[in-house]
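Asks: Have a look at this prediction, sequence included:
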Amino acid sequence: MRRGWWLLGVALAGCSDKAKLSEERAVAHSGELATLVDKDVEEIRRGLPAGAKKLGELLSTEKEVTPGKARASLRKAREAVVDLQLAKSTFFAVTDVQGMAHASDLETDGFSGKNVVDAFKGLAKGREGYTETLGYMEEARGLRKGDDLQWVAAAPIPGPDGKPMGMYVTGWSFRRFAQHLEEQLKSNLRNAGPKDEKPPLIYVFVLHEGKAYGSPVVPEVNTKAVEGLGLPSKLQGGAFRGQVEITHRGYGVAAQNAKKLCDSCAIVILRSEV
């Protein structure tokens, strides 16, 4: 009987040690991903105004901007700016000065003829200078599973007279962005770790005002567990770390504010050793 209790104690200690290890490693991941988020946002901040200038050169001689011409110009403008070639955007679109979209670069273009300012009110400032905002537009979804939110940016397209002739708009859905971060983190771990080591379970979320957005493969119970942690109040110092049990599995949790993405945004990592 004593031996049985001893074995149970060893098992529980092992579980506790694993969760602690997961927590430590999740903290390291959170710093890594926070840096990546800043890099991704800065690529847009640098690249979009440069791309808008290129679009102005391409479109200023056109008497009428047709969807076909707009799509061709979007491709050329992105190819001309290295930051935009690297950008993790879900879409790029070109609009007139009122915000009515001429076209997007999506394979199935649902933007043409839609006013992006109706969906993203903050983009109205994009007629005057570079701006960023949050909102939702069904046509801008990068993934079709679950509700979503989108981060978008716009820069004015200068016309021949120097006045804005439209806006260059780009953005990403939070779910697609979380998927990008998760895939990048897993790729880094594969490249750095021993080939025979079992990869940990890892889930990455973009958190906005307590709502967690993850990739399509994230179990709903994990999403609810993250939302149940009350992280907005715990991130006043900028970061959070801890442990949580989900369906009888221990996870390390780490979260870090992502102020460059938005004032109320954070990145959250769940990690569990296998």
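Replies: Nice, thanks for sending it over. Numbers count the residues shown, from 1 in each chain.
Asks: count of neighbours near residue 184?
Replies: Residue 184 has 16 neighbours, counted by other C-beta atoms under 10 Å. The C-beta positions use only the backbone N, C-alpha and C, and glycine is treated the same way.
Asks: which residue sits closest to it, ignoring its sequence neighbours?
Replies: Leaving out its chain neighbours, the residue that sits closest to residue 184 by C-beta to C-beta, 6 or more residues apart in numbering is residue 36, at 6.4 Å.
Asks: ok, then the element right after the helix or strand where the one you found lies?
Replies: Using DSSP states H and E, residue 36 maps to helix 2-59. Downstream of helix 2-59, the first helix or strand assigned by DSSP H and E is helix 67-79.
Asks: and after that next one, which helix or strand comes next?
Replies: Heading C-terminal from helix 67-79, the first helix or strand you meet, by DSSP H and E, is helix 82-86.
Asks: what's in contact with that next one?
Replies: Applying C-beta atoms under 8 Å, 6 or more residues apart in numbering, the external contacts of helix 82-86 come out as 43, 44, 46, 47, 48, 50, 51, 77, 78, 79, 92, 170.
Asks: want to try TSV for those, with neighbour count and distance to residue 218 as columns?
Replies: Shown next, in TSV, are the contacts of helix 82-86 (neighbours: other C-beta atoms under 10 Å; distance: C-beta to C-beta, whole Å):
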residue	neighbour count	distance to residue 218
43	19	25
44	25	25
46	16	31
47	25	30
48	28	30
50	17	35
51	27	32
77	27	34
78	21	30
79	12	34
92	24	27
170	26	25
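Asks: before we move on, the earlier item: ok, the residue nearest to residue 184 to residue 150 distance?
Replies: Remark: distance between residue 36 and residue 150 (C-beta to C-beta, to the nearest Å) = 19 Å.
Asks: for residue 114, same thing?
Replies: Per C-beta to C-beta, residue 114 is found 14 Å from residue 150.
Asks: who's more crowded, the two?
Replies: Each of residue 114 and residue 150 has its neighbours counted (other C-beta under 10 Å); residue 150 has more, 23 against 19.
Asks: Was I right to think the more buried one contacts residue 140?
Replies: Yes - counting by C-beta atoms under 8 Å, residue 140 is a contact partner of residue 150 at 5.2 Å.
Asks: shared neighbours of residue 114 and residue 150, anything?
Replies: By C-beta under 8 Å, 6+ apart, the residues touching both residue 114 and residue 150 are residue 137.
Asks: before we move on, back to that, so what sits against both of residue 150 and residue 140?
Replies: In terms of C-beta under 8 Å, 6+ apart, residue 150 and residue 140 are both contacted by the residues 90, 171, 173.
Asks: chain center to stretch 80-99, what's the gap?
Replies: Relative to the centre of its chain, stretch 80-99 is centred 15 Å away, using C-alpha atoms, centre = their mean, to the nearest Å.
Asks: before we move on, what about stretch 48-66?
Replies: Worked out by C-alpha atoms, centre = their mean, stretch 48-66 lies 27 Å from the chain centre.
Asks: average pLDDT for it?
Replies: Mean pLDDT, computed over stretch 48-66, is 92.
Asks: doesn't residue 223 fall inside a helix?
Replies: Yes - assignment of residue 223 by DSSP: H, G, I helix; E, B strand; the rest coil places it within a helix.
Asks: Three-state assignment for the residue positioned nearest the centre of the chain, please.
Replies: Central residue of the chain (C-alpha atoms, centre = their mean): residue 177, 2.6 Å from the mean position. Counting by three-state DSSP, the backbone at residue 177 sits in helix.
Asks: Thank you kindly, that will do.
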